[in-house]
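Novice: Pasting the sequence and the predicted model now:
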Amino acid sequence: MKEETVIKVENLTKQFGDFTAVNAISFEVKKGEIFGFLGANGAGKTTAMKMLIGISNPTSGEAEVASFNVYKNPNSIKKNIGYMSQKFALYDDLTVKENITFFGGIYGLTRKQINEKRQLLVEELGLQEIVNNLVSSLPLGWKQKIAFSVALLHNPKIVFLDEPTGGVDPITRRQFWEMIYKTANQGTTIFVTTHYMDEAEYCDRVSIMVNGKIEALDTPKNLKEKYKAKSMNDVFLKLARG
Amino acid sequence: MNTILYIIQKEFRQIFRNKGMLPIIFVLPIVQLVILSNAATFEVKNIKFSYIDTDNSSFSRELISKFDASTYFNVLAKYPSNKIANSAMLKGDVDVILEIPSNFERNLLKDKKTDVGVTINAIDGAAAGVTNVYINQILQSFNKNAQSNLIQPSNTSIKYQNITSIPSFWFNKTLNYKTFMVPGILVLLVTMITLFLSGMNIVREKEIGTLEQINVTPIKKHELIIGKLFPFWLLGLVLLSVGLLIAKLLFNVPIVGSLLLMYLYTSIYILVILGIGLFISNFTDTQQQAMFISWFFMVIFILMSGLFTPIESMPNWAQLITELNPIKYFVEVMRMVMLKGAGFNEILPQLTKTLIYAIAMNGLAVLSYKKTT
């Protein structure tokens, strides 16, 4: 299998005044990989992710996403990535169908493509009953699953998920991760931040950020061996506490 | 291009889905138009009139009867002394005290000249000015009668040359205040609704977090801005149409000029307001902030628009500021076109200024909109 690099980061730094939120981080992510991006609150995960998805300009360092430079071609990056954050998923005052139409439309899908995608989605997720319901009337778990599917509408090379399962029950989380696996198997790279350490175990590789720096980066198995820990939870606690 | 259509479709869906918003957009302005147009009048009526008659002559009684006959004055009381009259003024019971001195009739007959004292409550300066004019008119007409009465018996050969002005009021023959106010109030409504809605709209998406999601998509700045503002541009024009219909049907305001010209001007004008709204929303993080800043500008725009006070009587520095007031141009154009039937050439100065304003404001708004931080 040819190992294609889809995210390449070198010494990426972001400063807000005197405060260095992200301090010269470097890493690479391969195609089809599920890359876990871990760290305590305020460690700099979200800031780093915002630079990669092109809504925040780095102070210094280099980054290439989907083989486009974050400084030169942020718009080309945006065409090739999907993004889903915990804070916002979908428009609450639109129906599921209308959300699909809107996001498909602004990513440049034709009406025909949108209709096909929607039908596929409705069948896969079993949305027949709720496709014409307002998103605000749906439970959080449903919203997150649909938001994830919407982020995939335009077949992006990489999907960025910012704490996608925050506040969701364990069953839905399990279903959500099944969707993530399926997507990764089809060759889409998954870049995911999470606070759930059991989810970290599901990732191919995990990085742990502490105070703006990446302190550890390896497979969950190797990390556990290296830090002589039983679970990722213990690894995280050892690192984050310092 | 297609992207813009998808954004417009989404915006319209959200506007029409919001059950609380529709009445605000359409019903409230109509209510305001009907109420304000009837209430906002500069006419001074039912002036509370009182007098002190120390002469008690047939002349003084005749003078009072003249005030009594006027529809503008309500003769309420006769006070025996200055002191009592003044305390009534202090309490707000009366607006005007006319003091007829003793020997009023005698002086008039003997010296052909006399004085009366007039005290006017000037808490509302504008109303006091109007009241003063009314009183003078009545005194003058009394004067004329008195003089001709006096003169007739003694010498019939003397003719008094009186110059009387016969005013003819152009463009608003009956001096109907509604004709004057309705176009202006309509302007305010169109402005307020479009400013607040557009200002609020993008900030709202900032608050919910959807704007971040939009910024992650390959949408271009101009696509987003056109897509977001177009629905409100259209709403503004619909509002204008509803307002014009009410002006015509309910208030019978003449629409002398070309409707097409009015729509042409308004369609450019709304762009200015939308640009201002967007500009405000770029620099605010919450709807509350956006609302306060919009109001700040709105109040200045309204009070300095020439709608309630003539711009010509403002100090020079204030007149300079009004050059930047879009409402001023809109009020001028609406009155010129609706009441005077002004054509394209007459409103060309306002049209040009508004167009430049629109380009500048929207340019600033697009430049200050940041997809990345």
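Specialist: All right, it came through fine. Residues are numbered from 1 along each chain as shown, chains lettered A, B, ... in the order given.
Novice: and chain A, which residues reach chain B?
Specialist: A:50, A:53-57, A:74-75, A:78-79, A:81, A:83, A:85, A:87-88, A:91-94, A:98, A:101-103, A:105-108 (Cβ under 8 Å from any Cβ of the partner chain). C-beta: built from backbone N, CA, C; applies to glycine.
Novice: let's see 7 Å
Specialist: A:53-57, A:74-75, A:78-79, A:83, A:85, A:87-88, A:91, A:93-94, A:98, A:102, A:105-107 (Cβ under 7 Å from any Cβ of the partner chain).
Novice: Any of those buried? List them.
Specialist: A:53-56, A:74, A:78-79, A:83, A:85, A:88, A:91, A:93-94, A:98, A:102, A:105-107 (16 or more other Cβ atoms under 10 Å in any protein chain shown).
Novice: Tell me which stretches of the chain form helices.
Specialist: I'll assume chain A. A:45-52, A:74-80, A:96-106, A:111-125, A:140-151, A:170-185, A:197-202, A:220-226, A:232-241 (DSSP state H).
Novice: that's the wrong chain, I meant chain B
Specialist: Under DSSP H, chain B gives helices at B:2-17, B:21-39, B:58-69, B:82-91, B:104-111, B:125-154, B:177-208, B:210-215, B:221-249, B:259-282, B:287-303, B:316-322, B:326-335, B:348-368.
Novice: quick one, which of those is nearest to chain A?
Specialist: helix B:2-17 (3.1 Å; Cβ to the nearest Cβ).
Novice: Next one: B:Phe49 from chain A, what distance?
Specialist: Separation of B:Phe49 from chain A (Cβ to the nearest Cβ, to the nearest Å): 59 Å.
Novice: Tell me where the model's unsure across the chain.
Specialist: Assuming you mean chain A. Low-confidence segments of chain A (pLDDT under 70): A:1-2, A:242.
Novice: Actually, chain B is the one I wanted.
Specialist: Using pLDDT under 70, chain B drops low at B:1, B:40-43, B:147-177.
Novice: Walk me through the domains of it.
Specialist: Listed domain ranges for chain B are B:2-40+B:174-368, B:47-154 (source: automatic domain parsing).
Novice: still on that earlier bit, so which of the helices of chain B comes closest to B:Ile47?
Specialist: helix B:125-154 (5.5 Å; Cβ to Cβ).
Novice: Check which helices and strands the closest one sits against.
Specialist: Packing partners of helix B:125-154 (3 or more Cβ pairs under 7 Å, 6 or more residues apart in numbering or on different chains; DSSP states H and E): helix B:58-69, strand B:117-120.
Novice: Throw the helices of chain A into CSV and include distance to B:Asp93, thanks.
Specialist: Output for the helices of chain A, formatted as CSV (distance: least, Cβ to Cβ, whole Å):
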stretch, distance to B:Asp93
helix A:45-52, 69
helix A:74-80, 73
helix A:96-106, 64
helix A:111-125, 74
helix A:140-151, 67
helix A:170-185, 75
helix A:197-202, 80
helix A:220-226, 89
helix A:232-241, 79
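Novice: Report the contact partners of A:Lys50.
Specialist: By Cβ atoms under 7 Å, 6 or more residues apart in numbering or on different chains, the contact set of A:Lys50 is A:Ser56.
Novice: meant to ask about B:Glu207, not that
Specialist: B:Thr286, B:Gln287.
Novice: and the residue of chain A nearest chain B?
Specialist: Closest point on chain A to chain B, by Cβ to the nearest Cβ, is A:Gly105, at 3.1 Å.
Novice: which residue sits closest to that residue, ignoring its sequence neighbours?
Specialist: B:Tyr6 (3.1 Å; Cβ to Cβ, 6 or more residues apart in numbering or on different chains).
Novice: What residues does residue 130 make contact with?
Specialist: No chain specified, so I'll use chain A. With Cβ under 7 Å, 6+ apart, A:Ile130 has these contacts: A:Val96, A:Leu138.
Novice: meant chain B actually
Specialist: B:Val44.
Novice: Thanks a lot, see you next time.
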